[in-house]
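In: Need coordinates for the following:
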Amino acid sequence: MRTMVEPSEIECRQIAELIGDYLDGSLPKATRELIDWHIESCGPCVAFVNTYRGTVDAAKKLREAPIPPELKQRLLSVLRARRASS
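Out: Sure thing, here's the model as predicted:
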């Protein structure tokens, strides 16, 4: 879900909420430009965006690995137990 952004201001919290859409290019141009403007002058947001981008890039390079059967069964048991208690 996208957060509505005022045309003249944006807060760090809003950047955190919009980061996925920002990086995949799906935000409206005005919102992207507002985020770009904010990031240029906000060190914590620069670090956040760079870390997020690095994490996404690293995850894309991971190769798929099979789950050992015993771990799969334990995970399924936990998920079924949680579903039953909901």
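In: Who are the contact partners of the residue most central in space within the chain?
Out: By CA atoms, centre = their mean, the mean C-alpha position of the chain lies nearest to residue 20, the distance being 4.8 Å. Applying CB atoms under 8 Å, 6 or more residues apart in numbering, we find residue 20 in contact with no residue. To be clear about C-beta, it is placed using only N, CA and C from the backbone, and glycine gets the same treatment.
In: tell me which element it falls in.
Out: helix 12-24 (DSSP states H and E).
In: and if you look at residue 76?
Out: Going by DSSP H and E, residue 76 is in helix 69-85.
In: And for that helix, what's in contact with it?
Out: Contacts of helix 69-85 (CB under 8 Å, 6+ apart): residue 67.
In: sorry, back to before: and the residue nearest to the centre of the chain, how far is that from residue 39?
Out: Separation of residue 20 from residue 39 (CB to CB, to the nearest Å): 15 Å.
In: quick one: residue 79 and residue 43, what's the gap?
Out: 40 Å.
In: In the chain, where is pLDDT below threshold?
Out: Within the chain, the stretches with pLDDT under 70 are 1-9.
In: Scan it for its longest helix.
Out: helix 43-61 (DSSP state H).
In: Okay, buried residues for it please.
Out: The neighbour-count check on helix 43-61 (16 or more other CB atoms under 10 Å) flags 45, 48, 49, 52 as buried.
In: Taking the chain centroid, which residue in this structure is the extreme one?
Out: Max radial position in the chain (CA atoms, centre = their mean) goes to residue 70, at 30.6 Å.
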